[in-house]
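>>> the amino acid sequence is not available; the structure is as follows:
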Ligand code: FES
């Protein structure tokens, strides 16, 4: 059952930027795409690079270490969906962002 935890405020993440937060010991990368917040696992499937520090190109984040590309809205690794990262549920209420890392 989802367990939403407040992790940031929407004002912390202007559109087109990202922020890394810790949710119950899981590193989560939050992205603001045109005002909508998305959350995926921060750890790249290749060698653990920090996706929240990657370059955002449209709906894609490019891992800062070796360039793996993931779809921000789904966590899918573009070349091989079997190496995708987790995508987490997000709720935004009154400018506060809450994330659940539980299914
Ligand atoms: S750690 Fe992300 S591409 Fe290598």
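The structure has been received and is ready for your questions. Just so you know, these numbers come straight off a predicted model, no measurement behind them.

>>> get me the contact residues on the protein for the ligand.
Residues of the chain that fall close to the ligand, judged by Cβ under 6 Å from any ligand atom: 44, 46-49, 63, 65-68. In short, each C-beta sits where N, CA and C put it, glycine included.

>>> now, the residues you listed that are in helices?
Of the positions in the residues of the chain next to the ligand, not one sits in helices, assigned by DSSP state H.

>>> these into TSV, with extra columns for pLDDT and neighbour count?
Listed next are these as TSV, based on pLDDT from 0 to 100; neighbours: other Cβ atoms under 10 Å:
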residue	pLDDT	neighbour count
44	98	23
46	97	13
47	97	10
48	98	12
49	98	19
63	98	23
65	98	15
66	98	10
67	98	12
68	97	22
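
>>> check these and tell me the two furthest apart.
48 and 67 (14.3 Å; Cβ to Cβ).

>>> now do residue 16: how many residues are near it, please.
10 (other Cβ atoms under 10 Å).

>>> and if you look at residue 2?
The local packing of residue 2 (other Cβ under 10 Å) involves 13 other residues.

>>> try residue 22
Using other Cβ under 10 Å, the number of residues around residue 22 comes to 12.

>>> for the helix or strand hosting it, packing partners?
Assessed by DSSP states H and E, residue 22 sits inside strand 18-23. Applying 3 or more Cβ pairs under 8 Å, 6 or more residues apart in numbering; DSSP states H and E, we find strand 18-23 packed against strand 5-9, strand 26-33, strand 96-100.

>>> any chance of those strands in CSV, with mean pLDDT and mean neighbour count too?
Formatted as CSV, the helices and strands packed on strand 18-23 follow (pLDDT from 0 to 100; neighbours: other Cβ under 10 Å):
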stretch, mean pLDDT, mean neighbour count
strand 5-9, 98, 16
strand 26-33, 98, 21
strand 96-100, 98, 19
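
>>> show me the one of the ones you listed that comes nearest residue 53.
The closest of these to residue 53 is strand 26-33. By Cβ to Cβ, the value is 8.2 Å.
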